[in-house]
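# Provided below are the primary sequence and the corresponding predicted coordinates.
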Amino acid sequence: MPLSLNRLNPNQREAVLYGNGPLLVLAGAGSGKTSTMTYRIAHLIAERNVPASAILGLSFTNKAATELKERVIRLVSEAAGFGATRNIMISTFHSLCVRILRAHGAKLGFQRDFTILDQSDQQDTLKQIMRNIKIDDRKFDLNSILFEIGQAKSRFLSPDAAQGFFLDSGRLGPDYAIAAASSYIHYQSQLKAQNAMDFDDLLFNAVALLEKHEEVREHYNQRFRYILVDEYQDTNPAQFRLLRLLTQRQQNLCVVGDDDQSIYAWRGADPTHILEFAQHFRGAKTITLDQNYRSTMTILEAANAVIQNNRKRHPKSLWSDRGSGEPVSEVILEEDREEGKFVAEEIFRLAKEKNIRWADFAVLYRSNAQSRIFEESLRMLRVPYKIVGGFSFLDRKEVKNILAYWRLVVNPGDDASLRRVINWPARGIGRTSLEHLGNAAFTKEVPIFEMLPETAQLAPRAAAGTKAFRELILDLRESLQKIPCSSAEVAISAVVSWARNSLEKIQARKALDEETDDPAAALRQWENIEELVHGLGQIRPEEITGDSEEGPADGLAILREYLARMTLEAQDEEEDDSKENELRDEVTLLTLHGAKGLEYPIVFMVGAEDGFLPHRRTIEEASDLGEERRLCYVGITRAKNHLIITRAKNRIRYGKTVPRTRSRFMDEIPQKLLVVRDESRAPSAVPSTDKAALAAHEVRVRNYLEEIKSKLGAASSGPKR
DNA sequence: TAGCCGTATTTTTTT
DNA sequence: AATACGGCTA
Ligand SMILES: Nc1ncnc2c1ncn2[C@@H]1O[C@H](COP(=O)(O)OP(=O)(O)OP(=O)(O)O)[C@@H](O)[C@H]1O
């Protein structure tokens, strides 16, 4: 059965059928870019007989990559039978780089079992370095310096070349720039010594590898004959360079994106990549898609009205034949708590009155901290919800600590992990001892782990603890290495029992009990740790052996891949039991950034105030308001049927009430598209009929509440992650 | 060294 | 309001 392209419009079909050579699909929100890319991949495999292993699909989040892959598999299975998609590579840029570096990194002197540092690992590491090299971490903000280092890396500047860049960037004063430059030098040599890479290094080093080693470059050029990139407007210079290197032999590169949805310039993404694609890749074909299949005309017009205020954009003429639908609602509340209450009650009311599933609702906010109030109010009404991103499972202390132990087992050079757990549970190794060890390691330029045998300077208790700790790690490492390289399944279950056993040896329970005298809290923490072991068992064999370039599955390799995955997919939900996941009916709470690429029938865009949107820091730092406007555009265009924008007149911040004003972007939406409802205590001009309607509504909500309360009893609801 | 207590600080988005 | 950090004492 051939792959049916019936569901595509002529332009989309053209993009799917277009032959070899560079191809750009530049189109607005909801025009079917991702769908088109999915079909194009399926078409390559099913109709043009391109082997799946020759295709590389790239996107920016693991969630997006997984979804893309699933959709391709579904399409191809219908047309060409199951199995035709075996060995297809659809991943994120970062995961691809990990694979390349694991397989060939030795050529640049990297070990296979390098540790990947996430943001908080970076912070820990840099904080330590700043102490070592006596940079005042009060005078110089850690995160600003990390940010600058990241900027330098995404521009491909090595530590010794970066000082000029820091000085010229204009973001920092000269003394700051010099502090950043010297931090970068030490940070980088520290990472090297620790056999560790941060997210930017993954890209940086993969690019360096492909640039310096022709045979590696050639290898991947031959393997990936078709490359497709989603959300291309979010590529940074390193990613662009990687694509260049992968397309030297042929330019079968299809990129898809929307310059109006460029919301990651703050971390180095450069939308000129998409705007100048035709100059970068000679002979590129450009296809635009104009029909939006997602939103009503009202929502689309509101979005267009806002985004039109940006200069320097590729003009588009998006339209929709979905009719005008409901007007956009703007609801004004007195305080943040009431905003939460309103959103929860409104979701509840709509769900009941119109029989809408919970999963059809989303609450979108600018920053993660805003989620809390909505969690509380939804929980109050027993509305099931899930939070995407924000404080995650992996941010929990007990989880981090166990992961630190495991990381140390795989890579004893990981100083940040060592510092984290050397005294957890308490082993009598305090600040002074750790400082001794740290200083000695710093002067000798070796990882702290190598200094552990030298206990002469330490107090007796600390010396004993140090010895015990070192032996514990070595013992765990040895038993992990003893796991035979048999079939992947057998090896994985062996690693799971190893992990369980490691908890005993670490005395994790003891550590938890020490920390709190609340047994319930300790139990919860213990359950989180067990969840971690469970997750290790969920790892699929092909994730370790899937790439033929990888060696056999030994215990170390399995744990190493699990740890890498945990770091790279930190924000993704645990896909526990896949089926259950699909069926789960819950309201989604997420940031505007997190919502990119997604769609919901009913969207609540909350906190539409100056200070959130645009964010206060953007205003203060006089940085790019255009990006904040694009963020607003992304938010609006997530809605299919109904968009409800809320804001509070006052917000409680650090115990003080702060007055808030309407988002300046709201002023850009034409009045005729909006219905404003002022539900604050001193409404400016609310007709009394509205008040009556409100009272009636309140009564209705009460009634519903009574109704479910009686039905529910103790039924489960609330968050899970 | 460990634990308690008081003070200062928090204000973005994420791979 | 909540928390992280540093200093002080046992
Ligand atoms: N030809 C079509 N006919 C009907 N529906 C379509 C068509 N093309 C796409 N759609 C639907 O339109 C919606 C948006 O598609 P998709 O997510 O691919 O758009 P997008 O351009 O990637 O959006 P965004 O830029 O916002 O991420 C989806 O629900 C998709 O199923």
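Noted; the coordinates are in hand.

# quick one: the nearest residue to A:Gln248 once chain neighbours are set aside from A:Leu58, how far?
In space, and not counting its chain neighbours, A:Gln248 is closest to A:Asn221: 5.7 Å by C-beta to C-beta, 6 or more residues apart in numbering. Placement of C-beta: from N, CA and C, glycine included. Going from A:Asn221 to A:Leu58 by C-beta to C-beta, to the nearest Å gives 15 Å.

# for A:Arg112, same thing?
For A:Arg112, the distance to A:Leu58 equals 23 Å [C-beta to C-beta].

# A:Glu599 and the ligand, how far apart?
Taking C-beta to the nearest ligand atom, to the nearest Å as the measure, A:Glu599 falls 6 Å from the ligand.

# residues contacting that residue?
Residues in contact with A:Glu599 (C-beta atoms under 8 Å, 6 or more residues apart in numbering) are A:30, A:294, A:638-640.

# and the furthest pair within the residues you listed?
For these, the maximum inter-member distance is 9.7 Å, found between A:Gly30 and A:Ala639 (C-beta to C-beta).

# who touches both of these two?
A:295, A:599.

# the more surrounded of the two?
A:Ala639 (30 against 24; other C-beta atoms under 10 Å).

# residues touching that one, list them.
A:295, A:299, A:599-603.

# mark out where each domain of chain A begins and ends.
Domain assignment for chain A by the TED database gives A:10-102+A:204-291, A:115-194, A:304-388+A:581-678, A:394-574.

# can you tell me which residues in the stretch 1-150 of chain A are near the ligand?
For the stretch 1-150 of chain A, the residues in contact with the ligand (C-beta under 6 Å from any ligand atom) are A:7-9, A:12, A:29-35.

# possible to save those as TSV with secondary structure and pLDDT?
Converted to TSV, these look like this (DSSP: H, G, I helix; E, B strand; the rest coil; pLDDT from 0 to 100):
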residue	secondary structure	pLDDT
A:Arg7	coil	90
A:Leu8	coil	94
A:Asn9	coil	94
A:Gln12	helix	96
A:Ala29	coil	94
A:Gly30	coil	94
A:Ser31	coil	95
A:Gly32	coil	94
A:Lys33	helix	96
A:Thr34	helix	96
A:Ser35	helix	95
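
# just confirm A:Leu589 is within a strand.
Yes - counting by DSSP: H, G, I helix; E, B strand; the rest coil, A:Leu589 falls inside a strand.

# isn't it up against A:Glu376?
No - counting by C-beta atoms under 8 Å, A:Leu589 stays clear of A:Glu376, with 11.4 Å between them.

# the more surrounded of the two?
Taking neighbours as other C-beta under 10 Å, A:Leu589 and A:Glu376 compare with A:Leu589 leading, 28 against 13.

# residues contacting the more buried one?
For A:Leu589, the residues meeting the contact criterion (C-beta under 8 Å, 6+ apart) are A:362-363, A:365, A:371, A:374-375, A:378, A:385-388.

# specify the beta-bridge partners of it.
For A:Leu589, the beta-bridge partners under DSSP bridges are A:Val363, A:Ile387.

# any idea how far it is from A:Tyr264?
Noted for A:Leu589: a distance of 21 Å to A:Tyr264, by C-beta to C-beta.

# residues near whatever residue of the stretch 251-400 of chain A ends up closest to the ligand, how many?
Nearest residue of the stretch 251-400 of chain A to the ligand (C-beta to the nearest ligand atom) works out as A:Tyr293 at 3.3 Å. Per other C-beta under 10 Å, the neighbour tally for A:Tyr293 reads 17.

# now A:Leu532
The number of residues near A:Leu532, taken as other C-beta under 10 Å, comes to 21.

# off-centre distance for the host helix or strand of it?
If you go by DSSP states H and E, A:Leu532 is part of helix A:519-538. Chain-centre distance of helix A:519-538: 23 Å, with C-alpha atoms, centre = their mean, to the nearest Å.

# same thing with stretch A:473-483?
From the chain centre to the centre of stretch A:473-483 is a distance of 32 Å (C-alpha atoms, centre = their mean).

# who in chain A is up against the ligand?
So chain A meets the ligand at A:7-9, A:12, A:29-35, A:258, A:261, A:293-294, A:597, A:599, A:637 (C-beta under 6 Å from any ligand atom).

# now, of the residues you listed, which are buried?
For the residues of chain A next to the ligand, a burial check counting by 16 or more other C-beta atoms under 10 Å picks out A:8, A:12, A:29-35, A:258, A:261, A:293-294, A:597, A:599, A:637.
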